[in-house]
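Colleague: Kindly return the folded structure for what I paste below:
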Amino acid sequence: MTLGGNELANCPVKRLRFLLKRGARLLPNHCSSPLGSVVTFVPMDAIGEDGHLNLLNVRELEEVRNGFSQFCDGDVIVAKITPCFENGKGALVAGTLNGIGFGTTELHVLTPDQELDGRFLYYVTASPEFRKLGQARMTGAAGQQRVPEDFILDYRIRVPSVSDQRAIADYLDRETARIDALIAAKERLLALLAEKRQALITRAVTRGLDPNVPLRDSGIPWLGPIPAHWERRRIAWLFRERDLRGEPDLPLLEVSINAGVVLREFSDDKIESTAADFNTYKVARQGDVVFNKMRMWQGAVGVAPEDGLVSPDYVVAAPNGNLLPEYAGLLFRTPVFSAECGRRSHGIVWDRLRLYWEEFRDISVPVPPLDEQTAIVAHAAQGTRKLDDFAAATNRTIALLKERRAALIAAAVTGQIKIPSEAVA
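Modeller: Model prediction:
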């Protein structure tokens, strides 16, 4: 026996409002006991885009019982705010402490009635059609748009028998698990490629290209030994701070932790920076090193690819010619240099650490001969190009697997494919 096609086509179509339990949620009796005083808490970052739910966070019940979303095992949660909704954040709740949990207010909580299987409902909410139609119904200001509850309640689905819903969910559990395993393997490969890329660059900019070159102690604690013929200099001898303003017509640049300094792109559907006074923005000349003071310890630094404007809160450093900008850009993005920047940064909490010019300029760095710097930059470009091409191909594969996963869910919950007989009770 198979399920799908005509079988689902003949099933009744109902709005979700007639398939969900409504009304105020009451706390279970055991939550009033000492054992129930601690509950699972789910912030938005604990909700995956593939149905995964991180349930490790706990809070005292009295801290969260008011002002947060409440749910129980068996409920389906769906992120309501952009871009979390479009990205597929949602899950079937299971395994909460004492069977109950609380979480971000940016959730729709769906409690299936007896006609609806929870896993089947989750897959309905994970389907591309549900997400696409919900996105079209979003309301609110740009960046704070939300899917209204009425969209959820009025969404129409075909409703097979509960046993058939479970068969469809069983099938999707198996097939999506296989796809998810492939995606996880590809993502592990990406992590390995990133590690290899970073190791290649770090080795080249701190040890050079000759594995047999004599080494000496650099006298720089964060760096260790360097080739004996290399020099060491304080950044103050190699760069000067550039604090030039008043060229508002230059293009905007931004510093990315992943990509360095890049041309800033603006979306077509949002109004951005209309109130900004670009006369106050700093000018970065092509070849200048630019870093974000609050994210330098994470590697938010790079070389300006062209003349442009950067945030007044960034630092712009102009090279004096003894250190190639391209070499400096590679060196300053290594983990060891980032760690030294973190050590010299100021702030009370880690996510507010700031590195100022006065501390940056005092860091000592290796200075190879200029011809070696050129060779190192070329070597790094060649080696990373191969790794980047491999990573790009891997990312394309991941994208195709995710498309396959979404299409499979859409086809299964709408009856466009037949469910194999072993999945049907």
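Colleague: how about low-confidence regions in the stretch 1-150 of the chain?
Modeller: 1-9, 23-36 (pLDDT under 70).
Colleague: ranges for the strands of it?
Modeller: 13-15, 38-42, 58-60, 69-72, 76-79, 90-92, 100-103, 107-110 (DSSP state E, counting those that start in this stretch).
Colleague: Dump the ones you listed into TSV; add distance to Asp173 and mean neighbour count as well.
Modeller: Every residue, glycine included, has its C-beta placed from N, CA and C. Putting the strands of the stretch 1-150 of the chain into TSV (distance: least, CB to CB, whole Å; neighbours: other CB atoms under 10 Å) gives the following:
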stretch	distance to Asp173	mean neighbour count
strand 13-15	24	12
strand 38-42	21	22
strand 58-60	27	14
strand 69-72	21	20
strand 76-79	15	25
strand 90-92	10	25
strand 100-103	22	24
strand 107-110	19	22
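Colleague: Which of the ones you listed sits closest to Ile376?
Modeller: In terms of CB to CB, the element of the strands of the stretch 1-150 of the chain nearest to Ile376 is strand 76-79, at 45.4 Å.
Colleague: Contacts for the closest one, please.
Modeller: By CB atoms under 8 Å, 6 or more residues apart in numbering, the list of residues contacting strand 76-79 from outside reads 42, 44, 47, 69, 71, 85, 87, 89-93, 103, 106-112, 118, 121-122, 125, 147, 152.
Colleague: repeat for stretch 204-220
Modeller: 223-230, 232, 327, 330-331, 334, 336, 364-366, 368, 372, 375-376, 379-380.
Colleague: Quick one: buried ones out of those residues?
Modeller: Among the contacts of stretch 204-220, those classed as buried by 16 or more other CB atoms under 10 Å are 223, 226-227, 230, 327, 330-331, 334, 364-366, 368, 372, 375-376, 379-380.
Colleague: Which residue lies nearest the spatial centre of this protein?
Modeller: Asp45 (9.6 Å; CA atoms, centre = their mean).
Colleague: now that residue: how far from Leu331?
Modeller: 32 Å (CB to CB, to the nearest Å).
Colleague: Sort out for me which of the contacts of stretch 204-220 are in helices.
Modeller: Judged by DSSP state H, these include Tyr327, Leu330, Leu331, Val336, Glu372, Ala375, Ile376, His379, Ala380 as members of helices.
Colleague: Next, format those residues as JSON lines and append pLDDT and distance to Asp75.
Modeller: JSON lines is the format used below for the ones in helices among the contacts of stretch 204-220 (pLDDT from 0 to 100; distance: CB to CB, whole Å):
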{"residue": "Tyr327", "pLDDT": "97", "distance to Asp75": "55"}
{"residue": "Leu330", "pLDDT": "96", "distance to Asp75": "50"}
{"residue": "Leu331", "pLDDT": "97", "distance to Asp75": "51"}
{"residue": "Val336", "pLDDT": "95", "distance to Asp75": "47"}
{"residue": "Glu372", "pLDDT": "97", "distance to Asp75": "62"}
{"residue": "Ala375", "pLDDT": "97", "distance to Asp75": "60"}
{"residue": "Ile376", "pLDDT": "97", "distance to Asp75": "56"}
{"residue": "His379", "pLDDT": "96", "distance to Asp75": "55"}
{"residue": "Ala380", "pLDDT": "96", "distance to Asp75": "51"}
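Colleague: Out of these, which two sit at the greatest distance?
Modeller: Largest pairwise distance in the ones in helices among the contacts of stretch 204-220, by CB to CB, is 21.0 Å, between Val336 and Ala375.
Colleague: will you turn the strands of the stretch 1-150 of the chain into CSV that also has distance to Phe130?
Modeller: CSV is the format used below for the strands of the stretch 1-150 of the chain (distance: least, CB to CB, whole Å):
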stretch, distance to Phe130
strand 13-15, 13
strand 38-42, 21
strand 58-60, 30
strand 69-72, 19
strand 76-79, 9
strand 90-92, 10
strand 100-103, 20
strand 107-110, 12
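Colleague: all helices for the stretch 151-300 of the chain, in order.
Modeller: 162-207, 235-238 (DSSP state H, counting those that start in this stretch).
Colleague: CSV please, covering those helices and showing mean pLDDT.
Modeller: CSV is the format used below for the helices of the stretch 151-300 of the chain (pLDDT from 0 to 100):
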stretch, mean pLDDT
helix 162-207, 95
helix 235-238, 96
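Colleague: Compare these and report which one is nearest to Met138.
Modeller: helix 162-207 (26.1 Å).
Colleague: and the closest one, how far out from the chain's middle?
Modeller: The chain centre lies 14 Å from the centre of helix 162-207; the measure is CA atoms, centre = their mean, to the nearest Å.
Colleague: follow-up on the earlier one: format the helices of the stretch 151-300 of the chain as TSV; extra columns: distance to Leu400.
Modeller: What follows is these, written out as TSV (distance: least, CB to CB, whole Å):
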stretch	distance to Leu400
helix 162-207	10
helix 235-238	45
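Colleague: so which of those helices comes closest to Ala392?
Modeller: Using CB to CB, these put helix 162-207 closest to Ala392, at 10.1 Å.
Colleague: So, low pLDDT: which residues of the stretch 301-425 of the chain?
Modeller: In the predicted model, the stretch 301-425 of the chain carries pLDDT under 70 at residues 350-351, 421-425.
Colleague: can you give me the helices in it?
Modeller: 325-332, 335-344, 357-360, 370-414.
Colleague: Would you format these as TSV with distance to Val64 included?
Modeller: Output for those, formatted as TSV (distance: least, CB to CB, whole Å):
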stretch	distance to Val64
helix 325-332	43
helix 335-344	33
helix 357-360	40
helix 370-414	32
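Colleague: For Arg158, which of those is the nearest?
Modeller: helix 370-414 (6.8 Å).
Colleague: and the angle from that closest one to helix 162-207?
Modeller: Angle, helix 370-414 to helix 162-207, by axes from the mean of the first three to the mean of the last three CA atoms, to 10 degrees: 180 degrees.
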